[in-house]
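**Q** here is a sequence together with a model predicted from it:
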Amino acid sequence: MWTKELPDGYESRKCRHRIASLCRGVGLDLNVRDEKIVPSAVGICKVRNPRADMVLDVSANDGLGLFSDNQFDYVFDSHQLGDFSCTEAILKEWWRVVKPGGFLILYEQDKDYYPLVDTPGSDPLRRKDLYWEDAWNILDAIGNAELFSSSRHNESNEYSWQLVIRKSFAVSTKPSEALRNIDLSGRECLPRTKKTEKEALVIRYGALGDTIWVTPALLQLKKEGYHVVMNVTAKGAEVLKNNPNIDEFIIHSDHRFIPYEELEEYWHGMGRSFEKVINLTKSCEGHLIKVEGSREANWSKKMRHAECNYNFQDRVMELAGYPDAKGCLPELYFSDIEEALAKNFVNAHKDKFVILWSLSGSGFHKTWPWSEYVAGELCNQFGDIEIITVGDDDCKILEWKQPHTINKCGVYTVRQSFLLTKYADLVIGPDTGLINAASCFDTPKIVMLSTNTEENLCKYWKNTTALYNEDCECYPCHKLIYSNDCPKGRFNAAPKCMEGIEPKIVLDAILDDYKLWKDKQLNDRNKQKWCAFTIADDELTHRLADRVKESFKLYHPAIPFFKYDTRDEESLLGEVRESTSACKAFEIRPRLMSKLLEEYDGVIYLDADTVVCDTLDEFLEGDFDVAGSLNIGNESYLNAGVSACMSKDFCDEWTHLMYQPGAGKSNQVYFNQLANAQRYNLKIVDANDVYYNERSRKYWKKLKTCSDGRLRTHGRIVRVLHWAGGIDRMEDKLSSADFSDEVREFLNKVTRTTDFTDIKGVEVSSWTLA
């Protein structure tokens, strides 16, 4: 029940328990305020919001023009529909992006339970009072809406109605004209109405990898000025989606609609209105790959090899009318949002060697039986390898559970898996659609061959290692095999051609690519330009700042270290700005970081009350947008006083939050808020074997200098000692009562002072943080 005392916000939390089961797949939250309906949703806010994924004004009639038709499994809105005068146009735009079978979920203020527009207590942005029936009547009139559920809620702290509508079918699957002028509807009556005077029809039914081979021919047709129409299966259209060389699709929905014996007549009728027809269906099947059960499949191996050992891509180009176009590579295209989501995922694993592992293809001979064993060996040896397993639902039975393996069989869509071949560090698998997708990119690839040869499949591919069983007498058979009648290996685990590709050979091939990646990582890091800084504003903090500067320079003499005084703000930053409540040292820190990132690749910040005791390797690896160290007061809270940044956007957004009206006293809250936002790649440097922060402080009495010259406590190397405690404990920042004599001497040495033998102070290990 609404009352004027009821706090505003967290509306999605009120209905989440009722609709969470519907929020599966790729979804859109249209009005992110305090939190998204589920973390995996793509969050939109009309103003900059660290909890949202993008800023977008959805008030326009085409407010979601960034997204294609029928893109999302669900679209959710809370307490926003009444803000728009044009309710019908807004709902139609939201409905457009819901895919068939998906849901539009509305959770809006109920006019019987919430103050009416322009009355005391009402949201000043609201322009309309609505019942759920008002929204339903608009969508019902479209003709493809099914009422899934409706309810009104005046219990507890609720004052809203909830409406869930299911899209029964797609009226149009045409994508937004704002992205590209391609008709993906796939619905076409024959005879077809011509769009231009020069049109080409390309026909290709087949597997996903076979469909990819068509793309170089499409490029040639487009160069010749053709309006290109692609007749393909629904799965093939998914693969070719976003291709700028396709103007129109005609979808072959189901092979049962047109009997096999009637296909020729069907194609002939379809092609009558076109100036050019290219039928690439079975361009390789039957010609370069003999179908099991056919007369040619029973030819001798020598005879089959003589006829079939020819490159698939070259064959496709010849049939398309381009016999001189040898060595073409296929192409895949993805939308901006697909690219952004893939990059977000990869950024989260940026410090890992990511292997995309295709577990199986369409036949028994396209499953390598030793994947789990090799993956286990890799992950046991190396902590920086991450494996993503992909395939259809049937491949789940082949997956393994391992801390460094992410199981995505039956989870990722075909397009998601194909796109990751662009961003992974290595793609491995048998001759599958995924491996063919990887051929579009420079990503290193390892392919296990079964029926085809390197000449057939990957002759022109870049960065490819082709493996096959040299002791298999029937390889290469050049057959399209559906049965499980192939000769088995000695373990009876798989067809002999697959089983005989030894695990050690595959492991060695993977390690070759891993070592190249590792070397590149090191080279990239060596090329990065770093600096560090601290901030001081009085005699004590300058004394402390000199200590941290000296200790940092001892371990990193080649990296510049700057000591800034808050009183020099105008000369350093060009202007003096005032925060509402933060102290000057807190408010200018993100501005100084941003300024330094104009010249440097990465910036390390160390509070003045720190001492560097070892090399800061975890920071200098440079595999993040922002890096932070853990705070003793909260296991998951980061202390911005020992941090690093490589993203100017992060610093600028942090600055914006520090100077907004009503900003708090500390910069810690905003640092943590942004660092944990999905759009930034966060690295926490306090690993199991190192301390970077005051988390180690309770063990300071047990600090020891070891034979290797390092400072250790509680089984960990201490890279940074941090007194912390805030401005309320400034008089204790020189305290060294916890340390043994040998530790005091060590700290005197690294800081080039005698502070640690001159000043005892209080026991810092007994401090507690608020």
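**A** Yep, it's here.
**Q** from here on, just use CA atoms for contacts and neighbour counts.
**A** Fine.
**Q** only alpha carbons, please: show the helix or strand where A135 lies as PDB.
**A** Secondary structure from DSSP states H and E places A135 in helix 132-140. Coordinates of each C-alpha in helix 132-140 appear next as PDB, following Å, rounded to 0.1, in the frame of the first residue of the first chain:
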ATOM      1  CA  TRP A 132      -3.300  -3.000 -16.900                       C
ATOM      2  CA  GLU A 133      -6.300  -3.300 -19.300                       C
ATOM      3  CA  ASP A 134      -5.200  -0.100 -21.100                       C
ATOM      4  CA  ALA A 135      -1.900  -1.700 -22.000                       C
ATOM      5  CA  TRP A 136      -3.400  -5.000 -22.800                       C
ATOM      6  CA  ASN A 137      -6.000  -3.500 -25.200                       C
ATOM      7  CA  ILE A 138      -3.300  -1.800 -27.200                       C
ATOM      8  CA  LEU A 139      -1.200  -5.000 -27.600                       C
ATOM      9  CA  ASP A 140      -4.200  -7.200 -28.100                       C
END
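**Q** check the offset of that helix from the chain's centre.
**A** 36 Å (CA atoms, centre = their mean, to the nearest Å).
**Q** that one: what's the following helix or strand?
**A** Using DSSP H and E, the helix or strand that follows helix 132-140 in sequence is strand 145-153.
**Q** the helix holding A135: which residues count as buried?
**A** W132, A135, W136, I138, L139 (16 or more other CA atoms under 10 Å).
**Q** now swap in stretch 355-368 and tell me
**A** Per 16+ other CA under 10 Å, stretch 355-368 contains these buried residues: I355, L356, W357, S358, L359, S360, G361, F364, H365, K366, T367, W368.
**Q** sorry, back to before: with pLDDT added, can I get the buried residues of helix 132-140 in TSV?
**A** As requested, the buried residues of helix 132-140 are arranged in TSV below (pLDDT from 0 to 100):
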residue	pLDDT
W132	94
A135	95
W136	95
I138	94
L139	94
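**Q** could I get the residues you listed as TSV with distance to K553?
**A** Formatted as TSV, these follow (distance: CA to CA, whole Å):
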residue	distance to K553
W132	66
A135	65
W136	67
I138	68
L139	67
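**Q** hang on, the earlier thing: strands - which of the buried residues of stretch 355-368 land there?
**A** I355, L356, W357, S358 (DSSP state E).
**Q** what helix or strand does L104 sit in?
**A** In this structure, L104 is located in strand 98-109 according to DSSP H and E.
**Q** direction included, what does that strand pair against?
**A** strand 72-78 (parallel), strand 160-167 (antiparallel) (DSSP bridges).
**Q** extract the C-alpha set from the longest one and format it as PDB.
**A** In PDB, the C-alpha atoms belonging to strand 160-167 read as follows (Å, rounded to 0.1, in the frame of the first residue of the first chain):
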ATOM      1  CA  SER A 160       1.200  -1.600  -8.800                       C
ATOM      2  CA  TRP A 161      -0.300  -3.800 -11.500                       C
ATOM      3  CA  GLN A 162       1.600  -6.600 -13.200                       C
ATOM      4  CA  LEU A 163       1.000  -7.700 -16.700                       C
ATOM      5  CA  VAL A 164       2.800 -10.500 -18.600                       C
ATOM      6  CA  ILE A 165       2.100 -10.900 -22.300                       C
ATOM      7  CA  ARG A 166       3.500 -13.600 -24.600                       C
ATOM      8  CA  LYS A 167       4.300 -13.000 -28.200                       C
END
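**Q** same question for it: list its buried residues.
**A** Result for strand 160-167 [16+ other CA under 10 Å]: buried residues S160, W161, Q162, L163, V164, I165, R166, K167.
**Q** ok, so what distance separates the last one from V42?
**A** It refers to K167. Distance, K167 to V42, by CA to CA, to the nearest Å: 20 Å.
**Q** returning to what we had before: now render the buried residues of stretch 355-368 as CSV, adding pLDDT and distance to S666.
**A** Below are these laid out as CSV (pLDDT from 0 to 100; distance: CA to CA, whole Å):
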residue, pLDDT, distance to S666
I355, 97, 41
L356, 97, 42
W357, 97, 45
S358, 95, 48
L359, 94, 50
S360, 90, 53
G361, 84, 55
F364, 77, 61
H365, 82, 61
K366, 87, 58
T367, 90, 56
W368, 93, 56
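**Q** who does the biggest helix by length in the chain touch, helix- and strand-wise?
**A** Secondary structure of the chain read by DSSP state H shows that its longest helix is helix 503-527. For helix 503-527, the packing partners by 3 or more CA pairs under 8 Å, 6 or more residues apart in numbering; DSSP states H and E come out as helix 371-381.
**Q** show residues contacting the following helix or strand past the helix it packs on.
**A** Following helix 371-381 in sequence order, the next helix or strand is strand 385-390 (DSSP H and E). With contact meaning CA atoms under 8 Å, 6 or more residues apart in numbering, strand 385-390 is reached by 349, 352-359, 375, 378-379, 399, 404-410, 412, 417.
**Q** can you name the next helix or strand after the lowest-mean-pLDDT helix or strand in the chain?
**A** Across the helices and strands of the chain, the lowest-confidence element by mean pLDDT, DSSP states H and E is strand 183-186, at a mean of 44. Next in sequence after strand 183-186, counting helices and strands by DSSP H and E, comes strand 199-204.
**Q** what's that next one packed up against?
**A** strand 227-233, strand 276-279.
**Q** pLDDT (mean, whole number) over it?
**A** Here strand 199-204 scores 95 as its mean pLDDT.
**Q** geometric centre of the protein: which residue is closest?
**A** Geometric centre of the chain, nearest residue: F345, 2.2 Å, by CA atoms, centre = their mean.
**Q** make sure I have this right: that one is in a helix.
**A** Yes. Counting by DSSP: H, G, I helix; E, B strand; the rest coil, F345 is part of a helix.
**Q** what about it, distance to I388?
**A** 11 Å.
**Q** do you have the strands of the stretch 201-350 of the chain handy? List them.
**A** Assignment of strands within the stretch 201-350 of the chain using DSSP state E, counting those that start in this stretch yields the ranges 227-233, 248-252, 276-279, 290-291.
**Q** out of the ones you listed, flag the one nearest E499.
**A** strand 290-291 (22.3 Å; CA to CA).
**Q** returning to what we had before: make a markdown table from the strands paired with strand 98-109 and add distance to N693 and mean pLDDT to it.
**A** Output for these, formatted as a markdown table (distance: least, CA to CA, whole Å; pLDDT from 0 to 100):
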| stretch | distance to N693 | mean pLDDT |
| --- | --- | --- |
| strand 72-78 | 41 | 95 |
| strand 160-167 | 47 | 93 |
